[in-house]
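>>> Show me the folded form of this:
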Amino acid sequence: MQKDITGIMVYYYVVCKRKLWYFSNGLTMEHNDENVAIGKSIDENTYNDEDKHINIRNIINIDYIKERNVIHEVKKSRSIEEASIKQVEYYLYYLEKQGVLNVYGILDYPLIKKRKEIYLTDEVRQEIEDILENIKNLLSMDIPPEYKKIGICKKCAYYDICAI
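The predicted model follows:
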């Protein structure tokens, strides 16, 4: 059975393919993670005047939409910005595939009072299509990809099971 590829799966793909494999195979470790708790607290305590958590078919979950044609994703820091950008690009790609055109995204970093605008270009569309194909291939694997230590491993919720 083919799973729908979600925004968090695209995010995890960029962060760590092993983490994505564990997550996609039902092993979730975030419930006890301090960094996840901080992110949830930021989410609960910022942008409270906005209509938040727009979930579309359980595939994308937009943090909020403030104005027409602008979606927002809130992150606690820029430490894994490349993954955050790809997640928003995937949201834009998914929306376009559903007939929602001329939308752009904003990454919001409320703790550091910064933002970054994200646009869907032909190059980005191709990158997202390549990522989606790679995710499908990864999800078809019977075992997780080989462990490769990266800079964020010790802060990862999966560290205890991944690095053993």
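
>>> Residue 83 and residue 14 touch, don't they?
Yes. With contact defined as CB atoms under 8 Å, residue 83 counts as touching residue 14 (3.8 Å). Where you see a C-beta, it was placed from the backbone N, CA and C, and this is true even at glycine.

>>> List the buried residues for the lengthiest strand in the chain?
Across the chain, the longest stretch assigned as strand under DSSP state E is strand 60-67. For strand 60-67, the neighbour count (16 or more other CB atoms under 10 Å) marks 60-64 as buried.

>>> now the strands for this protein?
Counting by DSSP E, the strands of the chain are 51-56, 60-67, 70-74, 104-109, 114-118.

>>> Show me what the longest strand of the chain packs onto, helices and strands only.
helix 7-15, strand 51-56, strand 70-74, helix 81-97 (3 or more CB pairs under 8 Å, 6 or more residues apart in numbering; DSSP states H and E).

>>> Check the buried residues of strand 60-67 against residue 54 and report the nearest one.
residue 62 (4.2 Å; CB to CB).

>>> Tell me which residues touch that closest one, please.
53-56, 71-73, 91 (CB atoms under 8 Å, 6 or more residues apart in numbering).

>>> Tell me, how many residues neighbour the residue nearest to residue 144 when sequence neighbours are not counted?
Leaving aside its chain neighbours, residue 144 sits nearest to residue 21 (4.1 Å; criterion: CB to CB, 6 or more residues apart in numbering). Using other CB atoms under 10 Å, residue 21 is surrounded by 21 other residues.

>>> Before I go, just wanted to say thanks for your time.
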